[in-house]
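1. Here is my input, please return the structure:
(one chain, ligands or ions: 1)
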Amino acid sequence: MTPDGCTEHPTRPVALVGAGPGSPDLITVRGLRLLRAADVVAYDALIHPELLAEVRPDAERVYAGKRGYCVGSTLQETINDVLVDRARQGLAVVRLKGGDPCVFGRGGEEAEYLAERGVPFEIVPGVTTAVGACAAANIPLTHRDAGQAVALVTGHFDPDSADCTLDWAGLARMSNVVIYMGLRHLPRIAAKLVAAGMPPDTPAAVVERATLPDMRVVDAELATLADRAADAGVTAPAVIVVGECVRFRHRLTELAAAAATI
Ligand code: SAH
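-> Residues are numbered from 1 along each chain as shown. Got it, this is the predicted structure:
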């Protein structure tokens, strides 16, 4: 204790760091700096091994592996308690999360948990999957000729259950919709959008393992996207993009190929 009664190790802010959408070089400069300096790193299942190689060999690693949005509260609380405990020891703690920590990533809940216990936090943004996947697939997520809005949506919940509070009519009127965690429910998500008035021939794509070397993109019209994705054997992680923005993918890809041969 110091004379004024404080502990010798003031609690340092826990950094909730976005790792980006997949490729290890898509983390921010600030995120990488914090990662390299960390004494403790708690990381998710989808974090690239090359990013983990940036963690100091003597640092403590806490695997917070979980897939999907819903996780047993026990695991979540265990992770949160580790963060609180290590921060109170004065250690530099990084909570590394895929994409952006606060886009379908529970970053807000973790920040709340920390703050409620008197532990300061810093949120370091990351390139969220919608942005990363569209960039990698040559889809301009917004385009002046493709509407004026984009919706980011979780497709985790069964579209026919009470847990799902999506406004299908509202989404059907959106020009561009990106659906996270939606692969399992894709057939019914597409059917809901069409039933709510979205044209069945709306251009759409599934981007699997976005920004990674084995990324795959399956294009189709909204009405046939689920079948095409199933035919191709697409598996998680994958994100679904529906809307006019997808129309520009072919044009941009062709132009890019032509430019490369000049
Ligand atoms: N916080 C993250 C999202 C976590 S939810 C972010 O901002 O991106 C997990 C979902 O993100 C997955 O189900 C999938 O829909 C999407 N996702 C994550 N990584 C992906 C990748 N490399 N390619 C495609 N989708 C991905």
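2. show me where pLDDT drops low in the stretch 51-200 of the chain?
-> Across the stretch 51-200 of the chain, residues meeting the criterion (pLDDT under 70) sit at 66-74.
3. close enough to count as contact, Thr11 and Arg88?
-> Yes - assessed by C-beta atoms under 8 Å, Thr11 is found in contact with Arg88 at 5.4 Å. Heads up, the C-betas are built off the backbone N, CA and C, glycines and all.
4. Quick check: neighbours shared by these two?
-> Each of Val119 lies in contact with both Thr11 and Arg88 under the rule C-beta atoms under 8 Å, 6 or more residues apart in numbering.
5. Which residue does the protein have closest to the ligand?
-> Scanning the chain for the residue nearest the ligand gives Gly99, at 1.9 Å (criterion: C-beta to the nearest ligand atom).
6. what number of residues lie near that residue?
-> For Gly99, the count of nearby residues is 30 (other C-beta atoms under 10 Å).
7. OK, contacts around the nearest residue to it once chain neighbours are set aside?
-> Spatial nearest neighbour of Gly99, excluding adjacent residues (C-beta to C-beta, 6 or more residues apart in numbering): Thr128 at 4.4 Å. Residues in contact with Thr128, defined by C-beta under 8 Å, 6+ apart, are 18, 21, 99-100, 103, 152.
8. Would you map out the domains in the chain?
-> 14-127, 130-252 (automatic domain parsing).
9. Export those to JSON lines and append columns for distance to Ala260.
-> Listed next are the domains of the chain as JSON lines, based on distance: least, C-beta to C-beta, whole Å:
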{"stretch": "domain 14-127", "distance to Ala260": "20"}
{"stretch": "domain 130-252", "distance to Ala260": "12"}
